[in-house]
Each structure stands twice: as C-alpha cells, then as structure tokens.
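# Sequence first, predicted coordinates after that:
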Amino acid sequence: MIKIYQFSYLLTPIQFTENLSTLSGRNMGTSKEIDLKRSDAFFQNLIQSAVDAIIAADKTGKVIIFNDAAAEISGYSVEEALKSLDIRDVYPGEGAKEVMKKLRSDEYGNKGKLKTYQANITGKNGDIIPIRLNASIVYERDKEVATIGFFHDMREEIEMKKKLEKTQVQLLQAEKMSSLGKLAAGVAHQLNNPLGGISLFTKLILEEYELEEKVKDDLHRILKDTQRCSDIVKELLEFARQTSQFMKPCDINRAITRTLFLLENQALFQNIITEKDLNPNLPPVKADIQQLNHMFMNIILNAAQAMEGKGNLTLKTFLNPAKDHICIEIADTGPGIPKEIKSNIFEPFFTTKKEGKGTGL
Ligand SMILES: Nc1ncnc2c1ncn2[C@@H]1O[C@H](COP(=O)(O)OP(=O)(O)O)[C@@H](O)[C@H]1O
Ligand SMILES: [Mg+2]
C-alpha cells in the first residue's frame, strides 16, 4: 500500500531517493536498500509515464513534481519546471489562488480534494490551455505540505465537440434546404403553366383590341409582374436543382471573370471599382459551371447592392496551404452583414431587401 505522505517526499528524482532512504530507517540492510531503490524507480516511472499531466507543488508554490505529460501540454521542459517554475505561473491570473481556495473548502468534494474541475493553464508561450483538473492537498499530520494535480488536456475533446456541433447544424440546415427546395421546386413547376397563360393572354388582348392608354398601362403592369413571377420561378427551379449531371472540370477564374464582365456593364456597377487578384495556377475543379456562374452573380450582386452602387469590390482566388482546396474571397466596402442576421442568410427566402430587390435565394 502506498501511503500518501510518501508522495510529499517525491521531490526531484535525486531527492526522492534520498528522502525515501532516510525515511526507511537506520538499520537498513543492503537488500532492503536495493528494494527501495527499485521501488523509487518504479514510482518515478509511474508518474513519468502517466497519460495525464501530473504537477505537484510544495507549500511555497515551487513545482516539485512535473511529469512528461505536463511538459508536453505546457511546453516547459521537466528540468526547467523543476528548477524554477512556480505553481502560480501555471494558472492564468489568480487561477492558482482560486484552486487553493476550492481545495481548502469542503464545497467541491471533501476538504482537501477537488474533482473534475474545469480550468485553464498557461503554456510556456502564453497559450491558454483548457484542462480538467483533479487535485488534492497532501497533508502530513494535519499540516499542508504540498498539492498535487492531475491535469487532463481538453483541447481535443473541445475541438471534437465543436466540430460535431457544427456538423449537426450543417446537417439540419441541409435537410431544411433540401425539403424546402423540393417543395419550392414543386410549386414553381406548377406555377409555370398558369403564368405562361396569363402572359400570353395579356399580350393577345394588347394586340387584338383597340384600348385606352390607361387600360394598356394596366395590362403592361400585369405583364411586368407576370415576368417577375416567372423570374422568381426560374430562380427557384435553379436553386432546387441538385443533379450532378453537369459536373465538369471548370476554371474558377474564368467563371469569375465572365460573371464580372456581364455585370460590369450594368448601371449598378458604374461607380464600383473592381479589383481582381486571381491566382493563374489554380487546377480545374469539378463543378456545374452554370450554377457556379449563378452563385458568383448572386454574391457579386449582393455586394453591389450592399454598397448601394458605390465602393470597392475585391475578388481573390488562391490555393490553401495544403493545396487541396481552392479559396475564393469576395469582399466589398459596404456596411457588412449585421451580426444578428448572419445565422439566417442561408435560409431560403430570407431577405432584408425591398420587394422586387431580393428574393432571399
Ligand atoms: N455583401 C453583403 N453585405 C451586406 N449584407 C449582405 C451581403 N450579402 C448578403 N447580405 C444580406 O443577406 C441577405 C440574404 O442575401 P441573399 O440570400 O443573397 O438574398 P437577397 O440578396 O435576395 O436578399 C440580404 O438580404 C442581405 O441582408
Ligand atoms: Mg442576393
């Protein structure tokens, strides 16, 4: 059985041996000495090879145990930590004080113990590292002699949790888009015929009858609105199209340049300065070029509308450092997307624009 007080004597590796030897009595024979040395080595090995970081400090705050996992998570070497690290430097701010306060109170488990406490430690380079801490005060005849903490690195777990949450949100969003898209496409399809009818018969009336100017104006208004309905229907059908039959290797830069060429002649773009920084060495990507053009058209239009026709539009393409993704950056000097609507902008039909300006698709 390991008695806890022996732990408080585990100072530096050398002191550890000396202390245990002195502890173990004067009449120690040679074989006992060897046994003790063996157990010293064994305990040291146990601490050093633990997966979680183990850090112990004496009453003054001086670090007296610091295993390999502690070195790995913190960036301090075992030697430098044992030589000059103070436990107060391990926690950011007043963290060490906080831990001691909790350890001494009996509100967080038994007095002298702290279980699964979420905290941060500061790495050598100043990084804040989230950890889960199990700690205890080491007593010797009711007197505090040291504290020992077992630190579990939470970075990977937190990262995984974040990724999982993100994927869940994306999945939900995709599902929502897909069902909304299908519904919308169905409705759009149904609307096409009657819209065609309205448009055709309005044109017929206009052509075949002698009409007052006022009536003609009204009929033209009907035609214009019908055209707008048709445009929305077309957009909806485009939006819902999810087939991959048109997937071919595409030149992203060309798609951007082409879209820009079409848009730059529009009145809305007369006072917009466009800057292109397109990497000429991009590999082709497999995509539906029509959908790509459509997408660029929409994003660039969004930018021009946000800038109200005046400002700078920057388009940049580049390869990510791993060279397995093409990155496209489109920026405008408009007011930006307000924080409170950021989570809504990909929802079908979400728009902040006046009727006739935006459909939210
Ligand atoms: N470049 C931008 N700057 C500021 N707000 C933007 C920008 N692009 C999009 N938005 C906001 O996101 C909303 C949704 O955009 P979108 O889905 O393209 O629909 P729409 O353009 O038809 O409104 C816009 O109504 C606008 O409020
Ligand atoms: Mg838009």
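Alright, I've got the coordinates. Residues are numbered from 1 along each chain as shown. Ligands and ions are numbered 1, 2, ... in the order given.
# so the residue of the chain found nearest ligand 2 is in which element?
Evaluated by C-beta to the ion, the chain has residue 302 as its residue closest to ligand 2, separated by 4.3 Å. Where you see a C-beta, it was placed from the backbone N, CA and C, and this is true even at glycine. Assigning secondary structure by DSSP states H and E places residue 302 in helix 289-306.
# Following element in sequence after that helix, please.
Following helix 289-306 in sequence, per DSSP H and E, is strand 310-319.
# Taking helix 289-306 as reference, get the angle to that following strand.
140 degrees (axes from the mean of the first three to the mean of the last three C-alpha atoms, to 10 degrees).
# For strand 310-319, list every residue counted as buried.
Buried residues in strand 310-319, defined by neighbour count with 16 or more other C-beta atoms under 10 Å: 313, 315, 317.
# starting at the chain centroid, how far to the lengthiest strand in the chain?
In the chain, assigned by DSSP state E, the strand with the most residues is strand 128-140. Distance, stretch centre to chain centre, for strand 128-140: 29 Å (C-alpha atoms, centre = their mean, to the nearest Å).
# What pairs with it, parallel or antiparallel?
In the sheet, strand 128-140 lines up against strand 113-122 (antiparallel), strand 143-153 (antiparallel) (DSSP bridges).
# contact partners of that strand?
Residues outside strand 128-140 that contact it (C-beta atoms under 8 Å, 6 or more residues apart in numbering) are 4-5, 7-8, 53, 56, 73-74, 92, 99, 103-104, 112-123, 144-155, 158.
# quick check: domain ranges of this structure?
4-153, 157-242, 243-361 (automatic domain parsing).
# Pick the most deeply packed of those.
By mean neighbour count, with neighbours taken as mean count of other C-beta atoms under 10 Å, domain 4-153 ranks first of these at a mean of 16.
# my guess is residue 350 is in a strand, correct?
No. Looking at residue 350 with DSSP: H, G, I helix; E, B strand; the rest coil, it is coil, so not inside a strand.
# Next one: it from ligand 1, what distance?
Applying C-beta to the nearest ligand atom, to the nearest Å, the value for residue 350 to ligand 1 is 6 Å.
# try residue 313
9 Å.
# ok, now which ones touch the nearest residue to that residue once chain neighbours are set aside?
Excluding the flanking residues, the one nearest residue 313 by C-beta to C-beta, 6 or more residues apart in numbering is residue 274, at 4.7 Å. Neighbour list for residue 274: 260, 264, 312-315 [criterion: C-beta under 8 Å, 6+ apart].
# try 10 Å
260, 263-264, 300, 303-304, 312-315 (C-beta atoms under 10 Å, 6 or more residues apart in numbering).
# try residue 347
173, 176-177, 180, 341, 360-361.
# returning to that earlier point: rebuild the buried residues of strand 310-319 as a markdown table, extending it with distance to residue 327 and pLDDT.
Supplementary listing: these in a markdown table, determined by distance: C-beta to C-beta, whole Å; pLDDT from 0 to 100:
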| residue | distance to residue 327 | pLDDT |
| --- | --- | --- |
| 313 | 17 | 97 |
| 315 | 12 | 97 |
| 317 | 7 | 97 |
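# Tell me the one among the residues you listed nearest to residue 230.
Checking the buried residues of strand 310-319 against residue 230 with C-beta to C-beta, the nearest one is residue 313 at 29.0 Å.
# and the gap between that closest one and residue 298?
Residue 313 sits 14 Å away from residue 298, going by C-beta to C-beta, to the nearest Å.
# And residue 32, by the same measure?
Distance of residue 32 to residue 298, given as C-beta to C-beta: 82 Å.
# what do you get for residue 102?
Residue 102 sits 54 Å away from residue 298, taking C-beta to C-beta as the criterion.
# Now for the residue nearest to residue 66 when sequence neighbours are not counted: which residues touch it?
Nearest residue to residue 66, sequence neighbours excluded (C-beta to C-beta, 6+ apart): residue 81, at 4.0 Å. By C-beta under 10 Å, 6+ apart, the contact set of residue 81 is 55, 63-67, 70-71, 74-75, 89-90, 124.
# Wait, residue 269 touches residue 332, no?
No. Residue 269 is not in contact with residue 332 according to C-beta atoms under 10 Å; the separation is 11.8 Å.
# list residues touching both of these two?
Common contact partners of residue 269 and residue 332 (C-beta under 10 Å, 6+ apart): 300, 304, 307, 313.
# May I ask which helix or strand encompasses the residue lying closest to the first one once chain neighbours are set aside?
By the measure of C-beta to C-beta, 6+ apart, the closest residue to residue 300 outside its immediate chain neighbours is residue 263, 5.8 Å from it. Under DSSP H and E, the secondary-structure element containing residue 263 is helix 252-264.
# model confidence over that helix, on average?
In this model, helix 252-264 has an average pLDDT of 90.
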